[in-house]
Structures are given as structure tokens and as C-alpha cells.
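> Here you go, sequence then predicted model.
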Amino acid sequence: MSNFLLDEIDQKILLRLACNARTPFLEIARECGVSGAMVYQRVKKMEEAGVIVGSQSIVNPDTVGYNVCAFIGIQLTEPSKYNEVASKLNEISEVVEYHYVTGEYSILAKIFCRDNNHLLSTLAGKIHVIQGIEKTHTFLSLDRIFERQTYLKDKNIIKR
């Protein structure tokens with residue numbers, strides 16, 4: 001996939017939509033000094049190019065009772081088990097994100113649980129039983145300071 005070059009207007013549109021996907025196109029257009037139709041056309045073009053892959057409402061896990069966030073480093077019995085393990089992790093609703101990574105672990109998974117007992121049952125009853133997992137290491141998140149898409153602010157992606 002080739003890189004989509006963003007000009008300054010594209011970048012402003014993306015930043016506004018990344019902060020709030022429900023921002024009306026006319027509001028974005030006023031901020032960018034362009035027409036609403038131009039914003040619509042640019043968003044459609046970025047969707048077609050795969051720059052924008054959807055929009056979502058972000059649920060605050062704490063407000064719905066998921067107060068424990070953990071990252072699980074997963075070592076596989078052998079690298080060839082990756083697809084099988086990834087498929088099984090995808091079936092576990094508490095797993096919200098996972099990455100195939102370099103280093104000591106093969107997979108880094110992010111999970112949300114209601115409390116420590118729920119975390120224990122998720123680890124013991126859902127993750128540790130997956131064939132192909134050799135061992136895990138759990139990192140508890142004590143606080144999320146911020147979450148953002150920093151690359152949107154990288155001036156190197158703006159078309160010159």
C-alpha cells in the first residue's frame with residue numbers, strides 16, 4: 001500500500017475527525033476556510049484510499065465497570081503458532097487489541113476486566129488454556145495519562 005500524501009487541509013480534517021468523528025463537515029469547512037462539499041470530497045477520497053477506515057464511539061471502560069487494564073506479554077511455543085493463537089485471542093471479548101511484536105514476547109495483548117478476579121479468570125480460563133502459548137507476563141496499567149494519534153501531527157506526512 002502506498003502512502004497517501006496529506007496536505008494541510010487534509011491534516012486539519014483528520015485531526016478534527018480523530019478528536020470527534022461526529023464533527024459536522026460544515027464546522028470543519030469553516031475552520032479550514034473551504035466549502036462543506038470540499039470537506040466531504042476529501043473525506044470520501046481518504047476513505048477510498050484507506051486513510052480513514054471508519055469511525056467509532058469510544059466507550060470509557062471505567063464508566064461501564066471495566067476498571068482493570070492490563071497488557072499481556074505472550075511467548076509462543078513456536079512462531080508457527082501465531083495465527084492459531086491470534087485467532088483464539090480474537091474470540092476473547094476482554095482482549096481489545098493485540099500486536100505481533102519483536103523481543104522477548106511474540107504477542108502483546110491489551111485487555112480490560114472488571115476487577116482483579118475477572119482478570120485472574122480471564123488469564124487462567126481463557127488465555128492460558130490456548131494451545132501454542134508457552135507463558136505470559138502481565139503488566140497492570142495504573143493510569144492512562146493520554147491516548148492520541150501522534151502521527152497525525154507529524155509534519156513529514158504533509159504534502160509540500
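Happy to help now that I have it. On a predicted model such as this, the values are computed, not experimentally measured, just so you know.
> May I have the residues that are in contact with the residue nearest the centre of the chain?
Among the residues of the chain, the one closest to the centroid is residue 97, at 6.5 Å (CA atoms, centre = their mean). Contact analysis of residue 97 by CB atoms under 8 Å, 6 or more residues apart in numbering lists 109-110. Yep, even glycine has a C-beta here, placed from its N, CA and C like the rest.
> partners of it in the sheet?
Under DSSP bridges, the beta-bridge partners of residue 97 are residue 110.
> Do you know the pLDDT at it?
Predicted confidence (pLDDT) for residue 97: 95.
> Ok, residue 156 next?
Model confidence at residue 156 (pLDDT) stands at 48.
> how many neighbours does residue 62 have?
12 (other CB atoms under 10 Å).
> I should have written residue 4 there, sorry.
Using other CB under 10 Å: residue 4 sits among 15 other residues.
> Check residue 91 too.
9.
> same check, this time on residue 55
11.
> Same question for residue 136.
Neighbours of residue 136 (other CB under 10 Å): 16.
> any chance you could map the strands in the chain?
68-76, 95-100, 107-113, 133-141 (DSSP state E).
> Could you dump these into TSV with distance to residue 10 added?
As requested, the strands of the chain are exported to TSV (distance: least, CB to CB, whole Å):
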stretch	distance to residue 10
strand 68-76	32
strand 95-100	26
strand 107-113	29
strand 133-141	33
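> these two touch, right, residue 52 and residue 18?
No. Counting by CB atoms under 8 Å, residue 52 stays clear of residue 18, with 9.4 Å between them.
> Out of the two, name the residue with the larger neighbour count.
residue 52 (19 against 14).
> so what's the nearest residue to that one once chain neighbours are set aside up against?
The shortest distance from residue 52 to any non-neighbouring residue, by CB to CB, 6 or more residues apart in numbering, is to residue 46 (4.7 Å). By CB under 8 Å, 6+ apart, the residues touching residue 46 are 4, 10, 13-14, 52.
> Per-residue confidence, residue 46, what does it come out as?
Confidence for residue 46, expressed as pLDDT, is 94.
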